[in-house]
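Peer 1: what follows is a predicted protein model with its sequence.
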Amino acid sequence: MATSKFDPSMEAFEKRFHKACSALRSAIKRYDAIVVFRHQHPDFDALGCQMGLVTFLKDNFPEKEIHFVGDHHPTFTPRIYPLPEELPLSWFKEHKFLSIVLDVGDHERIADPRYKMGGYIAKIDHHPCKAEIAKTATIVDLDAGSCAELVADFCFHFPGTKMSAEAAKYFYSGIVGDTGRFLFSSTSTHTFAVAEELLKSKFDISSIYQKMYEKSQTSLRSLAYALSHYEITPDGVAYYLISDAALKELGIQNDQGKEHVNIFSNIEGINAWCSITEDADPKDPCWRISIRSKAVDISGVANQFGGGGHPQASGARIDTLDDLPRFLDVLGSLFR
Ligand code: AMP
């Protein structure tokens, strides 16, 4: 009997998505130019799976033109991941290219709208899909702890290819980031199986952890701010607000407001916790909310407040602080 090369959980992934994976593999072979997209306001997973796939494609298809675009992160790029490319519109008009969209389930959140100009669009993700992005090559597993774990599995099953230490390192960072270092309940045997395969590529695991979790002194100040400004509602919802003025005073950008949201993760009596950060973008001012929960599914509340995400980690928004009491009431009602 033929023995499988990978853990049964990885073989189950390939079997479940065989049709879409085959369609994407054929498209990768067919196209000479490929652009990899992901969601805006990127986190470790968005950047990790994007750069993992870009590196994997460059390593294995050196004759092809591979690009990656999107907004950059205030501290992760270029410290951990390369700065996104600035590809002019003329490039998109002049090339017949394959768009691969990663880690995002709705059109508006894709960091560069020019994915639509691709001759073929494929998607790999673990978010609920709000509207169809790709017709045939859609690989979506809502139970996956990270998108990186799915993209890495797709790559491992690509015949005749190799996973370099560089590509593996990026994928690993995505897995670690979105599972909270293998802590969240979305961590599965598949997560560990893919992580094990990645580790066989022999990248330096301690240097990636060091880079991912290194804190600046500015970060210490924003931690002190969160610890001295949080509130807890009677329903056990902890939250802290960071206004635009406070962001400026702390010397941090909007995306960094959520950095310390998980300080409440192991506190007795706290059921859910949020960072609420002002985004003073004059075109679309709002307060961005990162919601996390110990056990109860909070993604429905995020959906109700202009966002979405996963059962224990979701993002939402309110237009003004007038909406805060209603948001806290709806979230708190989950715990009454
Ligand atoms: P955040 O609090 O921004 O770190 O987001 C937590 C999780 O929810 C991440 O997996 C995000 O990709 C996801 N998420 C955040 N905002 C949205 C949104 N508007 N729609 C769908 N998913 C979201």
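Peer 2: Sure, I can see it.
Peer 1: what does this structure have sitting close to the ligand?
Peer 2: Contact residues of the chain with respect to the ligand, defined by Cβ under 6 Å from any ligand atom, are listed as 39, 43, 109, 127, 258, 290, 307-310, 313-315. To be clear about C-beta, it is placed using only N, CA and C from the backbone, and glycine gets the same treatment.
Peer 1: just the buried members of those?
Peer 2: Buried residues within the residues of the chain next to the ligand, defined by neighbour count using 16 or more other Cβ atoms under 10 Å: 39, 43, 109, 127, 258, 290, 307-310, 313-315.
Peer 1: ok, residue 58 to residue 52 distance?
Peer 2: Using Cβ to Cβ, to the nearest Å, residue 58 is found at 11 Å from residue 52.
Peer 1: for residue 10, same thing?
Peer 2: Shown here: residue 10 relative to residue 52, a distance of 16 Å by Cβ to Cβ.
Peer 1: more neighbours: these two, which one.
Peer 2: Between residue 10 and residue 52, counted using other Cβ atoms under 10 Å, the more crowded position is residue 52 (31 against 22).
Peer 1: okay, and that one sits in which element?
Peer 2: Following DSSP states H and E, the helix or strand that holds residue 52 is helix 44-60.
Peer 1: can you check residue 99 too?
Peer 2: strand 97-102.
Peer 1: residue 276 too?
Peer 2: Applying DSSP H and E as the criterion places residue 276 in strand 272-279.
Peer 1: can you list the neighbours in contact with the strand or helix carrying residue 90?
Peer 2: Using DSSP H and E, the secondary-structure element containing residue 90 is helix 89-94. Contact partners of helix 89-94, identified using Cβ atoms under 8 Å, 6 or more residues apart in numbering, comprise 35, 67, 114, 117.
Peer 1: by neighbours, which of those residues wins?
Peer 2: Looking at the contacts of helix 89-94 with neighbours defined as other Cβ under 10 Å, the largest count falls to residue 35 at 26 neighbours.
Peer 1: ok so, going back, if you count contacts, what does the strand holding residue 99 end up packed against?
Peer 2: helix 18-30, strand 33-37, helix 44-60, strand 120-125 (3 or more Cβ pairs under 8 Å, 6 or more residues apart in numbering; DSSP states H and E).
Peer 1: mind checking how far that strand is from the chain centre?
Peer 2: 16 Å (Cα atoms, centre = their mean, to the nearest Å).
Peer 1: between that strand and helix 44-60, how many degrees?
Peer 2: Our comparison of strand 97-102 with helix 44-60, counting by axes from the mean of the first three to the mean of the last three Cα atoms, to 10 degrees, yields an angle of 140 degrees.
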